[in-house]
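**Q** Provided below are the primary sequence and the corresponding predicted coordinates.
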Amino acid sequence: MSDNATGRTALVIGATGITGQSVGRQLVELGWKTYGLSRSGSHVVEGMSDLTADLLDAGALREAIAGTAPEIVIITAWMRHDTEAENIEVNSAIVRNVLAAVEPEGSVRHIALVTGLKHYLGPFEFYGQGVQAETPFHEDEPRLPYPNFYYAQEDELFAGAEKSGYTWSVHRAHTVFGFATGNAMNMALTLSVYATLCRERGETFVFPGSEEQWNGLTDITDADLLGEQLVWASTDPAGANEAFNIANGDVFRWRWLWPRIAAHFGLEWEGFDTEPRPLEARMDGAAEQWAAIAEREGLVEPRLSKVASWWHTDGDLGRTIECLTDMTKSRKAGFLNFRATDESFFDKVRRYRDARIIP
């Protein structure tokens, strides 16, 4: 694919996110001329050309993209708001604005959109309540009877493809383990920071989530695997005009993985006991402790808020519902890549250590 990519151009929307950074790195390594667009315009991937624009400012977005002439566009960005009505308004506008901005280029062959399991579980306001799809989740499940910004994003994509003639793909990821700088909403990094603080405090590594997550089967999405599927669907005819689940391909229980993480960091551990023990409620004074660790260990980021997102990990591990995806459709289409989830986690820990983000 590297040879075939020579002279080809890709545009990554949300280039500073976990998924955006991963797929951006892969495209650069494969020889694509790669543009990465974000609100900050931060340079996070060597070899990727940085573009800056607010995705809700249609004019500025069109101006930023002008002249890039991308063959493929990968949309990984979204914004969370208090109500699903606001989520729909804002996140459908993101997709609509991107499609309008690339249309004058006349170059787009495929657009890939990253969504997630709320497609099957319901939006934030109805998450895990009432009607939801049966696990393991299959791509042909009917939409749930609730307003959902993922559905609104898909509809914008379908309409744009019908109008302009490019192909599309939708990628429904589970919780993501990834390596990304400047992005705290990453369970692998948040748990690594939590383990580091436990070691600093002499505390036990306590599982913060629910009984269902501790004992039940679940799966995870490696950000690099997601990136591989995005590139595959954007370049292989079998990926055209399809929605795909994307998870590592194995299943596990947190009661199996948690002791392994604890052992890696040299910690005693405790599992679920009676009720969840969320991280956010137990992190008093952690910001000051992290700043001290960063200074002592020569870490690149002393601000705890930039490396850990307690609410995000609490939300994933606190779920009281089973979350499990089926990968058969993707495999039958020819995407056979996979990850072992424990190896995925420790790969990210190694990369964060090498980057001096954790000690």
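**A** Alright, I've got the coordinates.
**Q** use CA for all of it now, contacts and neighbours both
**A** Will do.
**Q** which strands and helices sit next to the helix or strand where A101 lies?
**A** Take DSSP states H and E as the rule and A101 turns out to sit in helix 84-102. Helices and strands touching helix 84-102, by 3 or more Cα pairs under 8 Å, 6 or more residues apart in numbering; DSSP states H and E, are helix 58-65, helix 149-164.
**Q** shouldn't L113 be within a strand?
**A** Yes - with DSSP: H, G, I helix; E, B strand; the rest coil as the criterion, L113 is located in a strand.
**Q** what ranges do the helices span in the protein?
**A** Along the chain, counting by DSSP state H, helices occupy 2-5, 18-29, 58-65, 84-102, 118-121, 149-164, 187-201, 211-215, 223-235, 254-264, 286-297, 310-317, 328-333, 341-354.
**Q** any idea how far G298 lies from R356?
**A** Distance from G298 to R356, counting by Cα to Cα, to the nearest Å: 7 Å.
**Q** likewise for F137?
**A** Taken as Cα to Cα, the span from F137 to R356 is 38 Å.
**Q** show me how far stretch 194-208 is from its chain's centre.
**A** Stretch 194-208 sits 25 Å away from the centroid of its parent chain (Cα atoms, centre = their mean, to the nearest Å).
**Q** whoops, I mixed them up, stretch 221-237
**A** The answer for stretch 221-237 is 12 Å, by Cα atoms, centre = their mean.
**Q** show me the shaky parts of the stretch 101-250 of the chain.
**A** For the stretch 101-250 of the chain, the stretches flagged by pLDDT under 70 are 127-130.
**Q** what about 90?
**A** 122-134, 146, 180-185 (pLDDT under 90).
**Q** so P208 makes contact with D273?
**A** No - at 9.7 Å, P208 does not count as touching D273 under the criterion of Cα atoms under 8 Å.
**Q** more crowded one of these two?
**A** A count of neighbours by other Cα atoms under 10 Å puts P208 above the other of P208 and D273, at 25 against 14.
**Q** and the gap between the more buried one and A69?
**A** For P208, the distance to A69 - Cα to Cα - is 46 Å.
**Q** hmm, back to that, in CSV: the helices and strands packed on helix 84-102, plus mean neighbour count.
**A** Below are these laid out as CSV (neighbours: other Cα atoms under 10 Å):
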stretch, mean neighbour count
helix 58-65, 18
helix 149-164, 18
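**Q** put together a markdown table for the ones you listed, with distance to E89 on each row.
**A** Compiled in a markdown table, the helices and strands packed on helix 84-102 are given as follows (distance: least, Cα to Cα, whole Å):
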| stretch | distance to E89 |
| --- | --- |
| helix 58-65 | 14 |
| helix 149-164 | 8 |
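**Q** of these, which is nearest G122?
**A** With Cα to Cα, the closest approach to G122 among the helices and strands packed on helix 84-102 belongs to helix 149-164: 9.6 Å.
**Q** the closest one packs against which elements?
**A** helix 84-102, strand 110-116, helix 118-121, strand 167-173.
**Q** and of the helices of the chain, who's closest to N245?
**A** helix 328-333 (7.2 Å).
**Q** list the buried residues in that closest one.
**A** Within helix 328-333, the residues that count as buried by 16 or more other Cα atoms under 10 Å are T328, K329, S330.
**Q** what's that helix in contact with?
**A** Defining contact as Cα atoms under 8 Å, 6 or more residues apart in numbering, one finds that helix 328-333 is touched by E139, A238, G239, F244, N245, I246, L336.
**Q** go again using 7 Å as the cut-off
**A** Residues from elsewhere that reach helix 328-333, judged by Cα atoms under 7 Å, 6 or more residues apart in numbering: A238, F244.
**Q** which non-adjacent residue is nearest V170?
**A** Residue nearest to V170 in three dimensions, not counting chain neighbours: A243, with 4.4 Å by Cα to Cα, 6 or more residues apart in numbering.
**Q** so how far is R356 from that neighbour?
**A** Taking Cα to Cα, one finds A243 at 37 Å from R356.
**Q** give me the more crowded residue out of those two.
**A** For A243 versus R356, neighbours defined as other Cα under 10 Å are more numerous around A243 (23 against 15).
**Q** got the CA positions of stretch 293-310 in CSV?
**A** This file holds the C-alpha atoms of stretch 293-310, laid out as CSV (Å, rounded to 0.1, in the frame of the first residue of the first chain):
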residue,chain,number,x,y,z
ILE,A,293,6.0,13.7,40.2
ALA,A,294,6.4,15.4,36.8
GLU,A,295,9.1,17.8,38.2
ARG,A,296,10.9,15.0,40.0
GLU,A,297,10.8,12.5,37.0
GLY,A,298,11.3,15.0,34.2
LEU,A,299,7.9,14.4,32.6
VAL,A,300,6.7,16.6,29.8
GLU,A,301,3.2,17.4,31.1
PRO,A,302,2.8,18.6,34.8
ARG,A,303,-0.9,19.3,34.4
LEU,A,304,-3.0,16.4,35.5
SER,A,305,-6.0,17.6,33.5
LYS,A,306,-4.0,17.0,30.3
VAL,A,307,-3.1,13.4,31.1
ALA,A,308,-6.1,12.0,33.0
SER,A,309,-9.8,12.2,32.6
TRP,A,310,-11.4,10.7,35.6
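**Q** buried stuff in that stretch?
**A** Quick answer for stretch 293-310 (16+ other Cα under 10 Å): I293, A294, L299, E301, P302, L304, S305, V307, A308, S309, W310.
**Q** for stretch 271-279, same thing?
**A** Those would be G271, F272, P276, R277, P278, L279, for stretch 271-279 by 16+ other Cα under 10 Å.
**Q** show residues contacting it.
**A** By Cα under 7 Å, 6+ apart, stretch 271-279 touches V206, F207, P208, G209, S210, E211, W214, R255, W310, D314, G318.
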